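**Q** fold the following.
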Amino acid sequence: MKAAIYLGRENVEVRELPNPVCGDNDVVIKNIYSSICGTDVAVYTHGPNTGHRVEVGGEFGHETVSRIVAVGKNITDFKVGERVYPYPRYAKNDTKRAGTIGGFSEYILVPEAKRDHSLYAVPDEIPDRLACLIEPFTVGCRAARRGQPKGGETAVVFGCGTIGFATAVALKYFGMEKVMLCDVSDFRLDIAEKLGFAVCNTEKEDFPQKAAAYFGIAASLAGPVPDIDCWIDAAGAESILDAYMQHGKIISRFVIVAVNNKPRQLDLLHMTYAQKSIIGSGGYFPEDVQDVMAIMAGGKWDLESIITQEFPLGGIAEAIQTAADPDKAFNVTIRF
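**A** Modelled structure (predicted):
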């Protein structure tokens, strides 16, 4: 089989590897489409230890949709030809491989395969190309869920990449009335706006002013601020938490889904009297898979429109380089 092998910073090579051998309790799947994650871009651009645990000389990729091509003799709940989503945490029966299940390889061996655990059936209503976005959408769905959304509430999401956009979609799915997406890429914001979301380019526009005009006004310890119930950081810039501390209203929530390992100082007295909450969100759970599939199958949003480029596996290096440019790409996929 052909597989993209990670060889270090800005070095990826497609090689021929032996096809996986299906054991008695295993399933072999053939990838249909895979999506490039921001962590794939990070390890390609900056080198090892800057994204998922990707080993030099190893396979990588984890956002994929596949079709079953072989089942072990002890497997009774899967059949050849079935379209499935490999759940990265368990697809290799090793949670350390969540970012390196082989999404950029033609075939993946799923050991000790279990339905609704390592593999999920994909509804017929979800197109192949959209289905490879199930994984990043589950991350966004988890962030939205952690924001404790309630019908009629409001939210702002900073970061209009795939996860930030997925978060905004999930917030609307969970009943929030108004959701705004913020970024510095007009290219991505234009796509989000066409899909029905309010947007703000925080590099060119006055966010507090635009947010107040859209959401209305609420009280904070410092005076009038935009009436936003939930803030979600899907970008990772230090200024986002600072903005929440300054402009967040009394009784509001701040969810962090972006990866940021820098220590921060926090005014706990302010948090106490303002009754604010800071909530972490990492990864996803099975309930998020089910919600994302319902969102995608429902067809309310043209979600496939965020896929702006598509490459064959042989163009994996160019695909990752393209995905790294937010002014030219939103989501980039690999077709097999």
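
**Q** which of the helices or strands spans the most centrally placed residue in the chain?
**A** By Cα atoms, centre = their mean, the mean C-alpha position of the chain lies nearest to residue 136, the distance being 2.5 Å. Element membership for residue 136, per DSSP states H and E: helix 134-146.

**Q** downstream of that helix, the next helix or strand is which one?
**A** Going down the chain from helix 134-146, the next helix or strand is strand 154-158, by DSSP H and E.

**Q** same for that following strand, what does it pack against?
**A** helix 162-173, strand 178-183, helix 207-215, strand 230-233 (3 or more Cβ pairs under 8 Å, 6 or more residues apart in numbering; DSSP states H and E). Bear in mind the C-beta positions are built from the backbone N, C-alpha and C, glycine included.

**Q** what does that strand contact?
**A** Contact with strand 154-158 is made by 147, 149, 164-165, 167-168, 171, 176-183, 202, 211, 215, 226-235, 237, 240, as judged by Cβ atoms under 8 Å, 6 or more residues apart in numbering.

**Q** can you say which of those residues are buried?
**A** Among these, those scoring as buried are 147, 149, 164-165, 167-168, 171, 176, 178-183, 202, 211, 215, 226-235, 240 (criterion: 16 or more other Cβ atoms under 10 Å).

**Q** which residue packs closest to the residue nearest to the centre of the chain, ignoring adjacent ones?
**A** residue 162 (4.5 Å; Cβ to Cβ, 6 or more residues apart in numbering).

**Q** show me the contacts for that neighbour.
**A** Residue 162 touches 35, 38, 133, 136-137, 140, 306, 330-331, counting by Cβ under 8 Å, 6+ apart.

**Q** ok, so of those residues, who is nearest residue 10?
**A** Residue 10 has its nearest neighbour among the contacts of residue 162 in residue 38, at 16.2 Å by Cβ to Cβ.

**Q** surely the closest one is in contact with residue 159?
**A** No. Under the criterion of Cβ atoms under 8 Å, residue 38 makes no contact with residue 159, lying 9.7 Å away.

**Q** more crowded one of those two?
**A** Neighbours were counted for residue 38 and for residue 159 using other Cβ atoms under 10 Å; residue 159 has more, 27 against 18.

**Q** residue contacts, the residue nearest to the centre of the chain?
**A** 35, 37, 63, 162-163, 166.

**Q** contact partners for residue 177?
**A** 151-154.

**Q** show the buried residues in the residues you listed.
**A** The neighbour-count test (16+ other Cβ under 10 Å) marks 153-154 as buried among these.

**Q** now the contacts of residue 177 as a markdown table including distance to residue 195?
**A** As requested, the contacts of residue 177 are exported to a markdown table (distance: Cβ to Cβ, whole Å):
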| residue | distance to residue 195 |
| --- | --- |
| 151 | 21 |
| 152 | 21 |
| 153 | 20 |
| 154 | 18 |
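
**Q** save the contacts of residue 177 as TSV, and put in distance to residue 293 and pLDDT too.
**A** Output for these, formatted as TSV (distance: Cβ to Cβ, whole Å; pLDDT from 0 to 100):
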residue	distance to residue 293	pLDDT
151	22	96
152	25	96
153	24	98
154	26	98
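
**Q** quick check: the farthest pair among the contacts of residue 177?
**A** The farthest-apart pair in the contacts of residue 177, when distances are taken by Cβ to Cβ, is 151 and 154, at 11.3 Å.

**Q** ok, residue 257 - how many residues close by?
**A** Neighbours of residue 257 using other Cβ under 10 Å come to 27.

**Q** wait, isn't it in contact with residue 145?
**A** No. Using Cβ under 8 Å, residue 257 makes no contact with residue 145, being 10.8 Å away.

**Q** low-scoring pLDDT stretches of the protein, where are they?
**A** 51 (pLDDT under 70).

**Q** mind running it again at 80?
**A** 49-52, 261 (pLDDT under 80).

**Q** domains in it, as residue ranges please.
**A** 2-125+299-335, 139-280 (automatic domain parsing).

**Q** want to throw the contacts of residue 136 into JSON lines with distance to residue 311?
**A** Formatted as JSON lines, these follow (distance: Cβ to Cβ, whole Å):
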{"residue": "35", "distance to residue 311": "11"}
{"residue": "37", "distance to residue 311": "15"}
{"residue": "63", "distance to residue 311": "14"}
{"residue": "162", "distance to residue 311": "16"}
{"residue": "163", "distance to residue 311": "21"}
{"residue": "166", "distance to residue 311": "21"}
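
**Q** wasn't residue 54 part of a strand?
**A** No. Applying DSSP: H, G, I helix; E, B strand; the rest coil, one finds residue 54 to be coil, outside a strand.

**Q** who are the contact partners of it?
**A** Contacts of residue 54 by Cβ under 8 Å, 6+ apart are 6, 43, 48, 60, 99-100.

**Q** selecting buried members of the residues you listed in PyMOL, what would you type?
**A** Buried subset of these, written as a PyMOL selection, criterion 16+ other Cβ under 10 Å:
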select buried, resi 6+43+60+99+100
